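Chemist: I'd like to go over a predicted model; first the sequence, then the structure.
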Amino acid sequence: MASIRNLKKDINFVFGDIIEAADYWELNNPEKDTKSSEAIIDEAIEAFDELMAKVNDKGAENKKVHFKAINSELEERGRALIDKLNKLG
């Protein structure tokens, strides 16, 4: 684990890029229904909030394990949202 600051930046970049991609899809597909892309944006915001709360949690006993778990969850949730974006068309 490099640093908490880098983990926070990674969380911000991953979910920021997903939200930006969903917005871009909406702009390029004005004739399509945007409910699914809006759901992706909402899910990305929710995941961001949850992961940042976990990073800022001071009660973790084993910090190394705690932050590795957050990093793994970031990868899992990020990939799931990217898969949903790719299915939009």
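Modeler: Sure, I can see it.

Chemist: next one, pLDDT for Gly59 please.
Modeler: Per-residue pLDDT puts Gly59 at 87.

Chemist: an error on my part: the question was meant for Ala2.
Modeler: Ala2 is given a pLDDT of 61.

Chemist: go on, Ile82?
Modeler: pLDDT, Ile82: 96.

Chemist: what's the separation between the residue in the chain sticking out farthest from the centre and Gly89?
Modeler: Centroid-distance maximum for the chain: Glu31 at 26.5 Å, with Cα atoms, centre = their mean. From Glu31 across to Gly89, the span is 11 Å (Cβ to Cβ, to the nearest Å). The C-beta positions use only the backbone N, C-alpha and C, and glycine is treated the same way.

Chemist: now Asn71
Modeler: Taking Cβ to Cβ, one finds Asn71 at 31 Å from Gly89.

Chemist: more neighbours: those two, which one.
Modeler: More neighbours surround Asn71 than the other of Asn71 and Gly89, with 18 against 9 (other Cβ atoms under 10 Å).

Chemist: Ile19 versus the nearest residue to the more buried one once chain neighbours are set aside, what's the distance?
Modeler: Among residues not flanking Asn71 along the chain, Leu7 sits closest, at 6.4 Å (Cβ to Cβ, 6 or more residues apart in numbering). From Leu7 across to Ile19, the span is 19 Å (Cβ to Cβ).

Chemist: so which residue is dead centre in the chain?
Modeler: Nearest to the mean C-alpha position of the chain, by Cα atoms, centre = their mean, lies Phe15 at 3.5 Å.

Chemist: contact partners for it?
Modeler: By Cβ atoms under 8 Å, 6 or more residues apart in numbering, the contact set of Phe15 is Ala44, Ile45, Ala47, Phe48, Gly78, Leu81.
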